[in-house]
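Undergrad: Build me a model from this:
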Amino acid sequence: MTSTLSNTSLPARINQETARYPWRDLLKHFASGTVIEVQHDLDLVAVACLMAEDRASEIQALLHAGKIVRMSDQQAQNWLDLDLEVWTVVVKPWILVQYQPETGVAAGMH
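TA: Next up is the predicted model:
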């Protein structure tokens, strides 16, 4: 018998794995260099799918455009100072994080 999870599409599975976390709780991951910031105008789940599917040319284009970046020390400190909560999803070895300044949360997450 096939499990329900294996019948679920990749975007649906990734969406189910998203979670909101206080930025301060993710600092140890930032310090280890595994945090990737996804700009607020992108769909976090779509970016996670690109990474999970190893779609290198599309990821490279987003990196080149500055739409996904390794978080800077200054940005990490700003988020800490503001005590922000961010949406996260893990695509090993990376932790993707996103903040929506207009709403205070990431759009499209359920």
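Undergrad: Give me the distance between the two termini of stretch 85-96.
TA: 13 Å (CA to CA, to the nearest Å).
Undergrad: Enumerate the positions of it that are buried.
TA: 85, 86, 87, 88, 89, 91, 94, 95, 96 (16 or more other CB atoms under 10 Å). C-beta coordinates here come from the backbone N, C-alpha and C atoms, glycine included.
Undergrad: I'd like the residues you listed written out as JSON lines, with secondary structure and pLDDT added.
TA: JSON lines is the format used below for the buried residues of stretch 85-96 (DSSP: H, G, I helix; E, B strand; the rest coil; pLDDT from 0 to 100):
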{"residue": "85", "secondary structure": "strand", "pLDDT": "94"}
{"residue": "86", "secondary structure": "strand", "pLDDT": "95"}
{"residue": "87", "secondary structure": "strand", "pLDDT": "95"}
{"residue": "88", "secondary structure": "strand", "pLDDT": "96"}
{"residue": "89", "secondary structure": "strand", "pLDDT": "97"}
{"residue": "91", "secondary structure": "strand", "pLDDT": "96"}
{"residue": "94", "secondary structure": "strand", "pLDDT": "95"}
{"residue": "95", "secondary structure": "strand", "pLDDT": "97"}
{"residue": "96", "secondary structure": "strand", "pLDDT": "98"}
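Undergrad: just curious, which of those residues is nearest to residue 22?
TA: Distance to residue 22 across those (CB to CB) is lowest for residue 85, with 5.4 Å.
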